[in-house]
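>>> What follows is a predicted structure for the sequence shown.
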Amino acid sequence: MEWLNLGDSVNQLALLGAIVILALTIFVVGSYIKKMKSSKAEGELSSEEWDGIKEFVNDIPIGWGVTYLVLIIWALWYWFIGYPLNSYSQIGQYNEEVKAYNAKFEEQWQNIDEATLVKMGQNLFLVQCSQCHGITTEGMNGTAANLAEWGREEGIITTIKQGSKGLGYLLGDMLPISEVAPGVLDTEEAQKAVAAYVMAEISEAKKTKYPELIAKGKELYTAATCNACHGDDGKGMGGMAPDLSKYGTTTFVAEVLDKGKKGHIGIMPSFKTQMLTDIQKEALGHFIYSDKN
């Protein structure tokens, strides 16, 4: 790689700037050295005095004034005409290349089948997620969330017990239900009932392992004040809290990836940027919800 590629406009501008700065430095230093040798303390003094010391009444040096004016004009050009709006940017070029690659990737895999989605999701999980969640998705003994429970009654029960530290919701973190509604969901059966109601009636998944507890869960959903944040329909009241109708779907996984997650040991960053395409987020969801055994 050339250390100085003058075919690059950025390198040309940098070299020109360096030459101008060097020339100005030599000129200014030379002028002041010459002035120090020949100038005399002559001129009109101001009327103000400090301890017998007065200052000369001098206009702003022409060089200073020209420099200020040039810098102001250059700053206006820089922000409104040149960089970063129109000039070359390595970050901008990278983002454009990633955007073009992602579009090509989405087109290639737009008709992907279920088995391939799960396999793609597994590969992505091992690269992006396994460091915290473990290769089996079980969270490595609490290091991160146990994703084997996600989209299932077990995940809801864990959230009821431990609370949740989501990001990007106006109502903030969810406290353990024992602190919000003491005594309402203390029993395992009550927790299963609420989980069953959410999975069977609110979630688009429309399935539960405890169908006999759905009716009881509907009553407890209100008694435990779940509707205070999630709403009677469970849809989160317009983004105030998580939309439980998406729980157990790949859309829910994609939303968590977009918003990030504040866990009990740290923060999972947002993947909303071009790090993952929509198909890749969907693939991760299919893998997490799949039978991995």
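Arrived safely, thanks for sending.
>>> need the strands for this protein, in chain order.
Under the criterion DSSP state E, strands of the chain are mapped to 261-262, 267-268.
>>> From the chain's centroid, how far away is the last one?
Using CA atoms, centre = their mean, to the nearest Å, the mean C-alpha position of strand 267-268 is found 10 Å from that of the whole chain.
>>> Outside of that strand itself, list whatever touches it.
Here strand 267-268 makes contact (CB atoms under 8 Å, 6 or more residues apart in numbering) with 132, 144, 167, 260-262. Bear in mind the C-beta positions are built from the backbone N, C-alpha and C, glycine included.
>>> 7 Å - rerun?
Strand 267-268 has contacts (CB atoms under 7 Å, 6 or more residues apart in numbering) with 260-261.
>>> ok, that strand: who's next to it in the sheet?
strand 261-262 (antiparallel) (DSSP bridges).
>>> which of the strands of the chain sits most buried?
Most buried of the strands of the chain by mean neighbour count (mean count of other CB atoms under 10 Å) is strand 261-262; its value is a mean of 16.
>>> contact partners of that strand?
Residues external to strand 261-262 that are found in contact with it (CB under 7 Å, 6+ apart): 165-167, 268.
>>> Who wins on neighbours among those?
Neighbour counts for the contacts of strand 261-262 were taken using other CB atoms under 10 Å; the highest belongs to Gly166, with 20 neighbours.
>>> low pLDDT regions in this structure?
In the predicted model of the chain, residues 1-10, 82-89, 264, 274, 292-293 satisfy pLDDT under 70.
>>> Name the residue most distant from the centre of it?
Glu42 (62.5 Å; CA atoms, centre = their mean).
>>> how close does it sit to Gly17?
Glu42 is 38 Å from Gly17, where distance means CB to CB, to the nearest Å.
>>> and the nearest residue to Thr158 once chain neighbours are set aside, how many neighbours?
Using CB to CB, 6 or more residues apart in numbering and skipping residues adjacent in sequence, the residue nearest Thr158 is Glu149, 5.9 Å away. Around Glu149 there are 18 other residues, counting by other CB under 10 Å.
>>> in the longest helix along the chain, what counts as buried?
Criterion DSSP state H: the longest helix present in the chain is helix 9-38. Using 16 or more other CB atoms under 10 Å as the burial criterion, none of the residues of helix 9-38 qualify.
>>> swap in stretch 241-261?
Under the neighbour-count criterion of 16+ other CB under 10 Å, stretch 241-261 has 241-257, 259-261 buried.
>>> quick revisit: ok, now how distant is the residue nearest to Thr158 from Gly155?
Distance from Glu149 to Gly155, by CB to CB: 4 Å.
>>> what's the answer for Glu42, then?
According to CB to CB, Glu42 stands 86 Å off from Gly155.
>>> cool, and Ile62?
Ile62 is 72 Å from Gly155, by CB to CB.
>>> Gly172 too?
20 Å.
>>> Neighbour count for those two, which is higher?
Comparing Gly172 with Gly155 by other CB under 10 Å, the one with more neighbours is Gly155, at 20 against 13.
>>> Span of stretch 146-157 from start to end?
12 Å (CA to CA, to the nearest Å).
>>> Would you mind listing the buried residues in it?
146-153, 155-157.
>>> What about those, which are in helices?
Reading helices off the buried residues of stretch 146-157 with DSSP H, I get 153, 155-157.
>>> which among these gets closest to Ala228?
Ile156 (16.6 Å; CB to CB).
>>> Could you pull up the residues touching that closest one?
Neighbour list for Ile156: 194-195, 198 [criterion: CB under 7 Å, 6+ apart].
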